[in-house]
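> I'd like to go over a predicted model; first the sequence, then the structure.
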Amino acid sequence: MPIRFVEIKAAENAEALNSEWVVLENDGKTPFNTRGCGMTVGRRGSAKRSLLGIIDPGFVLQPGEKMRMCTGNPATQAHGAPPPEDAVKNYFLFLPKAYLAGGPGTVLTLVLRGLPVAKGEFDPAAPNGVAPAKK
(Lines give C-alpha, C1' and ligand atoms only; values in the text may rest on other atoms or scores of the structure.)
Protein backbone atom coordinates (compact mmCIF):
# COMPACT_ATOMS: atom_id res chain seq x y z
CA MET A 1 0.00 0.00 0.00
CA PRO A 2 1.48 3.33 -1.00
CA ILE A 3 0.45 5.20 2.17
CA ARG A 4 3.44 6.70 3.96
CA PHE A 5 4.39 8.91 6.89
CA VAL A 6 5.92 12.13 5.53
CA GLU A 7 6.12 14.10 8.79
CA ILE A 8 6.21 13.22 12.49
CA LYS A 9 6.26 16.10 14.99
CA ALA A 10 6.40 15.71 18.77
CA ALA A 11 4.38 17.93 21.13
CA GLU A 12 6.04 21.12 22.33
CA ASN A 13 4.99 20.20 25.89
CA ALA A 14 2.83 17.54 27.57
CA GLU A 15 -0.30 19.73 27.51
CA ALA A 16 -0.07 21.12 23.95
CA LEU A 17 -1.45 18.03 22.24
CA ASN A 18 -2.39 19.94 19.07
CA SER A 19 1.32 20.65 18.51
CA GLU A 20 1.94 16.90 18.04
CA TRP A 21 1.00 15.34 14.72
CA VAL A 22 1.83 12.99 11.88
CA VAL A 23 1.23 13.65 8.19
CA LEU A 24 0.16 10.77 5.97
CA GLU A 25 0.42 10.88 2.18
CA ASN A 26 -1.17 8.67 -0.47
CA ASP A 27 1.50 7.97 -3.11
CA GLY A 28 -0.75 5.50 -4.92
CA LYS A 29 -3.09 5.71 -7.86
CA THR A 30 -6.32 4.89 -5.97
CA PRO A 31 -8.10 6.53 -3.01
CA PHE A 32 -7.49 5.07 0.46
CA ASN A 33 -10.17 5.12 3.18
CA THR A 34 -8.75 5.22 6.72
CA ARG A 35 -12.03 4.22 8.38
CA GLY A 36 -11.35 1.26 10.64
CA CYS A 37 -7.58 1.73 10.54
CA GLY A 38 -5.72 1.83 13.83
CA MET A 39 -2.45 3.39 14.87
CA THR A 40 0.05 1.59 17.05
CA VAL A 41 3.08 2.96 18.85
CA GLY A 42 6.16 1.03 19.96
CA ARG A 43 9.94 1.20 20.16
CA ARG A 44 12.49 0.27 17.51
CA GLY A 45 13.62 -3.31 18.04
CA SER A 46 10.68 -4.27 20.24
CA ALA A 47 7.74 -6.42 19.18
CA LYS A 48 5.54 -4.79 21.84
CA ARG A 49 3.07 -2.30 20.37
CA SER A 50 0.25 -0.32 21.96
CA LEU A 51 -2.88 0.50 19.97
CA LEU A 52 -3.61 4.23 20.22
CA GLY A 53 -7.11 3.78 18.83
CA ILE A 54 -9.23 3.14 15.78
CA ILE A 55 -9.75 5.95 13.28
CA ASP A 56 -13.51 6.46 13.04
CA PRO A 57 -15.15 7.95 11.04
CA GLY A 58 -11.82 8.36 9.27
CA PHE A 59 -11.12 10.16 6.03
CA VAL A 60 -10.36 9.35 2.40
CA LEU A 61 -6.89 10.15 1.07
CA GLN A 62 -7.06 10.78 -2.65
CA PRO A 63 -3.95 10.02 -4.77
CA GLY A 64 -1.28 12.63 -4.01
CA GLU A 65 -3.22 13.99 -1.02
CA LYS A 66 -1.86 14.53 2.52
CA MET A 67 -3.64 14.65 5.89
CA ARG A 68 -2.28 15.95 9.21
CA MET A 69 -3.43 13.79 12.14
CA CYS A 70 -3.20 15.92 15.31
CA THR A 71 -3.12 14.23 18.70
CA GLY A 72 -5.46 16.53 20.62
CA ASN A 73 -8.92 18.03 20.49
CA PRO A 74 -9.43 21.35 18.66
CA ALA A 75 -12.12 22.42 21.18
CA THR A 76 -9.89 21.92 24.24
CA GLN A 77 -8.08 25.20 24.94
CA ALA A 78 -5.38 23.45 27.03
CA HIS A 79 -4.36 21.40 23.96
CA GLY A 80 -3.30 24.62 22.21
CA ALA A 81 -4.23 26.04 18.86
CA PRO A 82 -4.32 23.54 16.01
CA PRO A 83 -1.91 24.11 13.13
CA PRO A 84 -3.31 26.24 10.32
CA GLU A 85 -4.79 24.30 7.42
CA ASP A 86 -3.07 25.10 4.15
CA ALA A 87 -2.59 22.44 1.48
CA VAL A 88 -2.78 19.90 4.32
CA LYS A 89 -6.06 19.48 6.24
CA ASN A 90 -6.24 18.52 9.94
CA TYR A 91 -7.87 15.41 11.40
CA PHE A 92 -8.03 15.16 15.19
CA LEU A 93 -7.43 11.92 17.10
CA PHE A 94 -8.81 13.16 20.47
CA LEU A 95 -6.11 11.29 22.40
CA PRO A 96 -5.63 12.03 26.12
CA LYS A 97 -1.83 12.33 26.06
CA ALA A 98 1.18 12.67 23.76
CA TYR A 99 2.39 9.42 22.21
CA LEU A 100 5.80 10.61 20.98
CA ALA A 101 7.05 11.27 24.53
CA GLY A 102 9.38 8.25 24.14
CA GLY A 103 11.48 10.37 21.79
CA PRO A 104 13.74 9.08 19.01
CA GLY A 105 13.13 5.47 18.03
CA THR A 106 9.37 5.63 18.56
CA VAL A 107 7.77 3.60 15.76
CA LEU A 108 4.27 4.40 14.51
CA THR A 109 2.35 1.90 12.40
CA LEU A 110 -0.92 2.48 10.58
CA VAL A 111 -2.75 -0.86 10.58
CA LEU A 112 -5.90 -2.19 8.92
CA ARG A 113 -7.41 -5.38 10.37
CA GLY A 114 -4.13 -6.05 12.16
CA LEU A 115 -1.98 -5.76 9.02
CA PRO A 116 0.54 -2.91 8.62
CA VAL A 117 -0.34 -0.30 6.01
CA ALA A 118 2.42 2.24 6.73
CA LYS A 119 5.25 2.54 9.24
CA GLY A 120 7.33 5.50 10.33
CA GLU A 121 10.05 5.96 12.92
CA PHE A 122 10.38 9.24 14.80
CA ASP A 123 13.79 10.90 14.53
CA PRO A 124 13.77 14.58 15.57
CA ALA A 125 17.13 15.12 13.83
CA ALA A 126 15.80 13.94 10.44
CA PRO A 127 14.00 16.20 7.96
CA ASN A 128 10.29 16.29 8.89
CA GLY A 129 11.02 14.01 11.88
CA VAL A 130 10.86 10.76 9.89
CA ALA A 131 13.87 8.45 10.10
CA PRO A 132 15.08 7.19 6.70
CA ALA A 133 13.81 3.71 5.87
CA LYS A 134 16.26 0.93 6.66
CA LYS A 135 17.44 -1.00 3.61
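It's in.
> For this protein, name the helix or strand with the lowest mean pLDDT.
The helix or strand of the chain with the lowest confidence, counting by mean pLDDT, DSSP states H and E, is strand 49-54 at a mean of 91.
> so what strands line up beside that strand?
Strands adjacent to strand 49-54 in the sheet, as given by DSSP bridges, are strand 37-43 (antiparallel).
> and P57, how far is that from F94?
With distances defined as CB to CB, to the nearest Å, the gap from P57 to F94 amounts to 12 Å. Every residue, glycine included, has its C-beta placed from N, CA and C.
> Those two: who's more crowded?
Between P57 and F94, counted using other CB atoms under 10 Å, the more crowded position is F94 (14 against 9).
> what's the closest non-adjacent residue to that one?
Using CB to CB, 6 or more residues apart in numbering and skipping residues adjacent in sequence, the residue nearest F94 is N73, 5.0 Å away.
> cool, A10 as well?
With sequence-adjacent residues excluded and distances taken as CB to CB, 6+ apart, A10 is closest to L100, at 4.1 Å.
> Quick one: neighbours of the one you found, just the number.
For L100, the count of nearby residues is 20 (other CB under 10 Å).
> With the one 3 residues further on instead?
By the criterion of other CB under 10 Å, G103 has 11 neighbours.
> And K134, by the same measure?
Counted with other CB under 10 Å, residues neighbouring K134 total 6.
> Using the three-state scheme, assign the residue nearest the centre of the chain.
Centre of the chain computed as the mean C-alpha position; nearest residue by CA atoms, centre = their mean is V22, 3.4 Å away. For V22, the reduced secondary structure class is strand; criterion used: DSSP: H, G, I helix; E, B strand; the rest coil.
> wait, it sits on E7?
Yes - shown here, V22 and E7 form a contact pair, counting by CB atoms under 8 Å, at 6.6 Å.
> could you pull out the strands for the protein?
3-9, 21-26, 32-33, 37-43, 49-54, 60-61, 66-70, 89-92, 106-112, 115-121 (DSSP state E).
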